[in-house]
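# Here is my input, please return the structure:
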Amino acid sequence: MKRNPAALFFVAAVVAAMLFVGFHAARRAGGDASADSLDVAGKPAPDFTLQSLDGKNIQLSSYKGQAVLLNFWATWCGPCKIEMPWFVELQKEYGPQGLQIVGVAMDDASKDEITKFVKEMGVNYTILLGKESVGQEYGGVNVLPTTFFIDRDGKIVAREFGLQSRSLFVDNIKKALSQQGHAVQAQK
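Okay, the predicted model is just below:
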């Protein structure tokens, strides 16, 4: 099926406008606390334990020593569907260097619906069933997708709201990998 480029551009523009308005509305609603929560670089990533699609309890801190791209998403989120194939590629490319992508599903879909969606998208990274309390620990996940880049020591390197460019993700992944990574690799 051939897609109309003008229609895709229009849809992308509408989604971008909605994300922009939603982000600014969320910031206004949160007052000063929301502004403070935006400055997370260098802070430890809040630890959590969530269930994976195969029923295992996964703790974020179990990835210490690896860089983590932590992506809050939902099955209904259009921009999330655009990012997911990038994450599949990035997991293949940077996984051998110590990157682990972790997706946290933040919608009301059932576990079976999320599993089916993940299989259809060809996801090759860990997917966890999200809880609102975990989103709150990360400053509130009012915009989907929201992505955190965590270094090998468990500190947040960057946070991105909404759909961003693949090259920005690559830059942030490289930052997360390079933090403690140089010292560890030099000792090998």
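
# At the geometric centre of this protein, which residue do we find?
residue 71 (1.4 Å; CA atoms, centre = their mean).

# dump the residue contacts of it.
80, 83, 87, 101, 102, 103, 104, 145, 146, 147, 148 (CB atoms under 8 Å, 6 or more residues apart in numbering). In short, each C-beta sits where N, CA and C put it, glycine included.

# Which members of the residues you listed are positioned in helices?
The members of those that map onto helices under DSSP state H are 80, 83, 87.

# Can you tell me which of these is nearest residue 114?
residue 80 (11.9 Å; CB to CB).

# show me what contacts that closest one?
71, 73, 74, 144, 145 are the contacts of residue 80 under CB under 8 Å, 6+ apart.

# any idea how far residue 125 is from it?
As judged by CB to CB, to the nearest Å, residue 80 and residue 125 stand 13 Å apart.

# What segments of this protein are strands?
49-51, 57-59, 67-73, 99-105, 126-129, 146-150, 156-161 (DSSP state E).

# pLDDT weak spots in the chain?
Scanning the chain for pLDDT under 70 picks out 1-3, 5-39, 180-188.

# hmm, 90 instead?
1-42, 108, 139-142, 179-188 (pLDDT under 90).

# Is it possible to get TSV of the strands of the chain that adds distance to residue 172?
What follows is the strands of the chain, written out as TSV (distance: least, CB to CB, whole Å):
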stretch	distance to residue 172
strand 49-51	22
strand 57-59	22
strand 67-73	8
strand 99-105	11
strand 126-129	18
strand 146-150	4
strand 156-161	5
